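K.L.:
dropping the sequence and predicted coords here.
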Amino acid sequence: MTDISNISSIDHVGKALSNLRPKAQWGIKNNELTWKDDVQTEPLISEIQTEVTRLEEEWTANAYARNRKAEYPSIADLVVALYDTDDKSAVEAKRASVKLKYPKPS
């Protein structure tokens with residue numbers, strides 16, 4: 001068993017392990033990693049932490065996209081806008097205001 005309690009974000013450990021060792025067999029319980037795979041080697045804590053950090057940075061960089069998605073017009077609004085020019089203008093205005101509110105980072 002490997003203690004993973006010092007990793008900065010336990011929430012991303014599962015994804016990090018899957019990225020580092022695709023299809024590997026492992027389990028986590030009480031901040032302990034149990035490696036169950038006979039084919040792939042267990043990654044080092046430093047490898048896991050590096051991948052967790054990369055995932056955290058990616059999550060942070062994509063905040064604008066998550067925020068936009070939550071406020072964009074619904075699919076139903078878009079379908080109605082296909083047939084009604086007034087609705088289409090309203091949808092375009094809403095999308096423009098959301099993009100302005102949550103700009104894509106440069």
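P.N.:
Structure's in. What do you need?
K.L.:
tell me which element the residue positioned nearest the centre of the chain falls in.
P.N.:
Relative to the mean C-alpha position of the chain, the nearest C-alpha, by C-alpha atoms, centre = their mean, is the one of residue 59, at 5.0 Å. According to DSSP states H and E, residue 59 maps onto helix 45-61.
K.L.:
average pLDDT across that helix?
P.N.:
Looking at helix 45-61 alone, the average pLDDT works out to 94.
K.L.:
show me the contact partners of it.
P.N.:
When contacts are taken as C-beta atoms under 8 Å, 6 or more residues apart in numbering, the neighbours of helix 45-61 outside the stretch itself are 2, 4, 6-9, 12-13, 15-17, 19-20, 105. Just so you know, the C-beta spots here come from the backbone N, C-alpha and C atoms, and that holds for glycine as well.
K.L.:
filter the residues you listed to the buried ones?
P.N.:
Buried residues within those, defined by neighbour count using 16 or more other C-beta atoms under 10 Å: 4, 7, 12-13, 16-17, 20.
K.L.:
take these and keep only those in helices.
P.N.:
13, 16-17, 20 (DSSP state H).
K.L.:
if we can go back for a sec, in the contacts of helix 45-61, find the pair that's most separated.
P.N.:
2 and 105 (35.1 Å; C-beta to C-beta).
K.L.:
and which of the contacts of helix 45-61 is nearest residue 41?
P.N.:
Of all those, the one with the least separation from residue 41 (C-beta to C-beta) is residue 20, at 10.1 Å.
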